[in-house]
Structures are given as structure tokens and as C-alpha cells.
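1. Structure for the following, please:
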Amino acid sequence: MRSKLSEDFQAPVHLKHQDFTSLQELPDSFAWTQRSDDDSHYPSIGDSISEHVPVIDLSDPNALQLTGHACKTWGVFQVTNHGVPSTLLDNMEHITKTLFSLPVQQKLKASRSPDRVAGYGVARISSFFPKQMWSEGFTIVGSPVEHFRQLWPEDYSKYCDGIKEYEEEMKRLAGRIMWLTLGSLGVTKEDIKWAGPKGDFQDSSAALQLNHYPACPDPDRAMGLAPHTDSTLLTILYQDNTSGLQVMKEGAGWVTVPPVPGRLVINVGDLLHILSNGLYRSVLHRVKVNRSRQRISVAYLYGPPSNVKIAPLSKLVGPSEPPLYRSVTWNEYLGTKAKHFNKALSSFRICVPLNVTV
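-> Model (predicted):
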């Protein structure tokens, strides 16, 4: 992972770290309005409604077509038969729970510095909202050894080894998912030079985000993670058995992505949105919290090589379908997202689709 990526992903986050275990009531600083603008237009969908995030078996002969349809209609899907060993997922959950169960003062020894993205802290998007979020996170960019030495002075190496093994497996799966999404658009290895000579995206960039959403005394008025899209090509999310992740489905509302053992969640990110010329839309998502149960998730944030410019693929543009976005590197996009948040994607737009009336 390039250090430059860390340098460009800066957001002005200077919020106080909270010891959630000491709170018996929801502080006003964490009390969100019960109905946000998003909620007023798109009420949450209950289990009785027949709206379900697509589930794709990667061993299915039709996986490519199913992936394309899910990207176009949802921007998110779950995968099974992905080849990631359950023991690896279990170990990653164990590492994450062990980290967040440390005393607050111990975690603060690995705090994210103001000019860096790696380390312990609140969500980077927190500064864009008037209320705080009921969560804590730990971001890993490259090797976590420096921070892990602060957390576990005696046995940090075993945790570093677990992270490395997980990231290697995620990188392999991300490359596989990339070719399913690109293949569904009719794109080949010859069209993506930055995929490398073997087409394995060997020089891709990535970060790992560990998330903890503690049990909350007033979950209906709290927010674990506010609505946002990811600044990635795609995100691979592992979630434990506690529900909380919700995605926005156009025309329907907030739909819960149920945690099912063995499944991984795949989000379309802003860069894939640009690469596909808007055919595959990045998905707006949020996290709600639980009164009696904590929730753990691990997000693998996958992007292109840091120096590669991402633009609408030439196969997807023409006289009747002009490019909708200008080219941008991941570093440039992260810097823009850190300043303008959910308006970042539109800031790179250069025209509107010809079939849209404005």
C-alpha cells in the first residue's frame, strides 16, 4: 500500500474519543433526529417486503450476468462460494473483537494522527455531520506493526500475521469480483492495462477498515455510521451475526443486508461508478445500532494503483453515450472526498446523460 494514499485521505476529524461502556443513556451529542431527510422520502423496509439484496453463488455458471444485473439495479450484492476459508473469517473477527475490547486508554496509544488515515479513531466522515456516530474504528494502511506494537507489546506479531493473511485473500477475491463486474460490461484484459500483464491487478491499492458498533441504550435515536458511498472501486465487507447494515434501494428505501454466515457483502464504489460511466452506481449505505448486542464488521477497501487515472471505459462511450466523468486518480478522488464528502462524485461530472432532462 502506498503511503501517498494515506496522505491524501485526510479529513478534519477532531472529535473526542468516547468510552461507550461508561454510558447508560444516549448523550445529546449522539442523538440524531428520528427522521432524516433520507428517511422521510425512503422509509425503512421491513422483512415483510419482498426487497432483498441479491445473493450470488460465485460457482454459478451465470455469475457474470448475475453480477452485472446486481451492480446495475442495486450497487450491492452478497457472495457465497467465494473461496475464503471460514477459519480466516473467524480469525479476523477474533482480532477485531480483541482490539476493540481493549481499554480505551490502550486503544488511544494507537490513535490516528491528524495528518494520517491509519490507526484508531472515529469515522472519517464524522466532521460532515452535526451529531456523533455510535461507533469506533481502526484503519490499516500497509503494515499495522507500528500501531499493533502499541496495542499488544508482547504478541503483536501474531495479530500482524492474521491481518496480512486476510488482506492477501481479500486481494485475490477482489480481483475475481473485478473481472465479473468488468466482464459483465463486455470489458476484457486488453481494455484494462493497469490490471497488469497477468490481469491479476497485482499493483492495486487497498486499505482495511475494522469497525465496532457497541450496544446502544437508545438505538432508535443513534446512528452507527451515517449514509455515505465508498470511495473505492469496490468494497468487500465481512459482518458478524448482528444486523445493522442498510443500503438505499432507489424507489424503495433502506433495505437491511442480513448477516448470514459465510456470505460477504460487495459494494460498488465511486470509482467503479466512474469506470462504468454511471452504469453501475455506487451504493448509498448506513449502519444502525442495536440495544443489546455489539456489531463488528471488516471492510476491505479496494482501489486501483495510486498513479492510475480512472475514467469511463472507452468501450462504454460513443457519440450517443458521451463520457459523464473526467479522469481522476484514487489519490485525487480521496482528497476531494475528504473535503466535499458525498458531493465529490458529482464534482467530477462533465456532462449529463443525453436521455436525462434537466
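2. so where do the helices sit in the chain?
-> 3-8, 37-41, 63-73, 86-100, 104-107, 145-151, 156-183, 270-275, 330-340, 344-347 (DSSP state H).
3. which outside residues touch the fourth one?
-> Yep, that's helix 86-100 we're talking about. 107, 136, 138, 151, 159, 162-163, 165-166, 169, 210-212, 238, 240, 261-262, 296, 298 (C-beta atoms under 8 Å, 6 or more residues apart in numbering). Quick note: C-beta positions are derived from backbone N, CA and C, even for glycine.
4. So which of the helices of the chain is the most surrounded?
-> helix 270-275 (a mean of 26; mean count of other C-beta atoms under 10 Å).
5. For that one, enumerate the helices and strands it packs against.
-> strand 309-310, helix 330-340, helix 344-347 (3 or more C-beta pairs under 8 Å, 6 or more residues apart in numbering; DSSP states H and E).
6. try 7 Å
-> If you count contacts as 3 or more C-beta pairs under 7 Å, 6 or more residues apart in numbering; DSSP states H and E, helix 270-275 packs onto strand 309-310, helix 330-340.
7. Quick one: mean pLDDT for the first one?
-> Mean pLDDT, taken over the full extent of strand 309-310, equals 98.
8. what lines up beside that strand in the sheet?
-> Strand 309-310 has the following sheet partners, assigned by DSSP bridges: strand 328-329 (antiparallel).
9. Tell me which residue of the chain is furthest from the middle?
-> Each residue of the chain has a distance to the centre, and by C-alpha atoms, centre = their mean the biggest one is for P319: 33.9 Å.
10. re the thing from before, for the helices and strands packed on helix 270-275, please prepare CSV with the additional fields distance to D230.
-> Compiled in CSV, those are given as follows (distance: least, C-beta to C-beta, whole Å):
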stretch, distance to D230
strand 309-310, 14
helix 330-340, 9
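11. By mean pLDDT, show me the worst of the ones you listed.
-> helix 330-340 (a mean of 94).
12. pLDDT below threshold where in the protein?
-> 1-17, 34-50, 352-358 (pLDDT under 70).
13. And the strands in it?
-> 55-57, 76-80, 119-121, 136-140, 205-213, 225-228, 234-239, 245-249, 253-256, 264-268, 285-287, 295-303, 309-310, 328-329 (DSSP state E).
14. Which stretch among the ones you listed approaches E190 most closely?
-> Closest to E190 of these, according to C-beta to C-beta: strand 309-310, at 17.5 Å.
15. number of nearby residues for the closest residue to L208 other than its chain neighbours?
-> With C-beta to C-beta, 6 or more residues apart in numbering as the measure, I140 is the residue that lies nearest to L208, at 4.2 Å, once sequence neighbours are left out. Number of residues near I140 (other C-beta atoms under 10 Å) recorded here: 23.
16. any idea how far A118 is from I140?
-> According to C-beta to C-beta, to the nearest Å, I140 and A118 sit 6 Å apart.
17. now swap in G142 and tell me
-> From G142 over to A118 (counting by C-beta to C-beta), the distance is 7 Å.
18. Now P85. Its backbone dihedrals?
-> phi -60, psi 140 (degrees, to the nearest 10).
19. hang on, the earlier thing: ok now do the residue nearest to L208, which residues does it touch?
-> For I140, the contacting residues are 118, 163, 207-208, by C-beta atoms under 7 Å, 6 or more residues apart in numbering.
20. Export those residues as TSV, with columns for distance to F348.
-> TSV is the format used below for the contacts of I140 (distance: C-beta to C-beta, whole Å):
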residue	distance to F348
A118	26
I163	32
A207	21
L208	26
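21. you'd agree W152 is up against G162?
-> No - with contact defined as C-beta atoms under 7 Å, W152 does not reach G162; the gap is 11.5 Å.
22. in stretch 209-217, what counts as buried?
-> By 16 or more other C-beta atoms under 10 Å, the buried positions in stretch 209-217 come out as 209-217.
23. for stretch 217-226, same thing?
-> Residues 217, 219, 221-226 are the ones in stretch 217-226 that count as buried (16+ other C-beta under 10 Å).
24. Perfect, that will be all.
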